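Asker: model this:
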Amino acid sequence: MINTKEIAAEYRLQHWAQIVQEQKQSGLSIKEFCETAGFQQNRYFYWQRKLREAACNELPTTIEPKQIVPTGWTSIEPAETQEVEVAAAVPIEIGDCRLLVNPDTDMELLKKVCRVLVSLC
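Answerer: Model prediction:
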């Protein structure tokens, strides 16, 4: 059965994630952006907080020592200290973060990590 409340909530989160991203890319302050877009800052901050909460709720609550770097991910260190096998990896850059994703990466985990990085950058 389709849960329309969950679908509507997800739609609103995606909509506001796009607005937050637009603000960051605009170069305007939050105050200037909100004035230009025609809504109050408190509404922007409310949805920014909701996005962060949603992103944090999707993260695993416990991490076992062997799972610090999930299967399919490459741990990145400065180039002079580690050589990274990049032949099959796809680089993803979000803000100042750069990930190399292998073909066997768990797509649900990748989605969650990207959502967190977008909300933080």
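Asker: where exactly do the helices run in the chain?
Answerer: Taking DSSP state H to define them, one finds helices in the chain at 4-26, 30-37, 41-57, 107-120.
Asker: gap between A17 and K24?
Answerer: 11 Å (C-beta to C-beta, to the nearest Å). (Glycine included, C-beta is placed from N, CA and C.)
Asker: re earlier: tell me the most buried of the helices of the chain?
Answerer: helix 107-120 (a mean of 16; mean count of other C-beta atoms under 10 Å).
Asker: could you give the angle of that helix to helix 41-57?
Answerer: Helix 107-120 and helix 41-57 are oriented at 150 degrees to each other (axes from the mean of the first three to the mean of the last three C-alpha atoms, to 10 degrees).
Asker: just to revisit the earlier point, switch the helices of the chain over to TSV; also include mean pLDDT and distance to L100.
Answerer: Compiled in TSV, these are given as follows (pLDDT from 0 to 100; distance: least, C-beta to C-beta, whole Å):
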stretch	mean pLDDT	distance to L100
helix 4-26	89	23
helix 30-37	94	32
helix 41-57	88	21
helix 107-120	79	12
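Asker: could you dump the ones you listed to a markdown table with distance to E93?
Answerer: Putting the helices of the chain into a markdown table (distance: least, C-beta to C-beta, whole Å) gives the following:
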| stretch | distance to E93 |
| --- | --- |
| helix 4-26 | 14 |
| helix 30-37 | 23 |
| helix 41-57 | 18 |
| helix 107-120 | 10 |
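Asker: alright, I will stop here.
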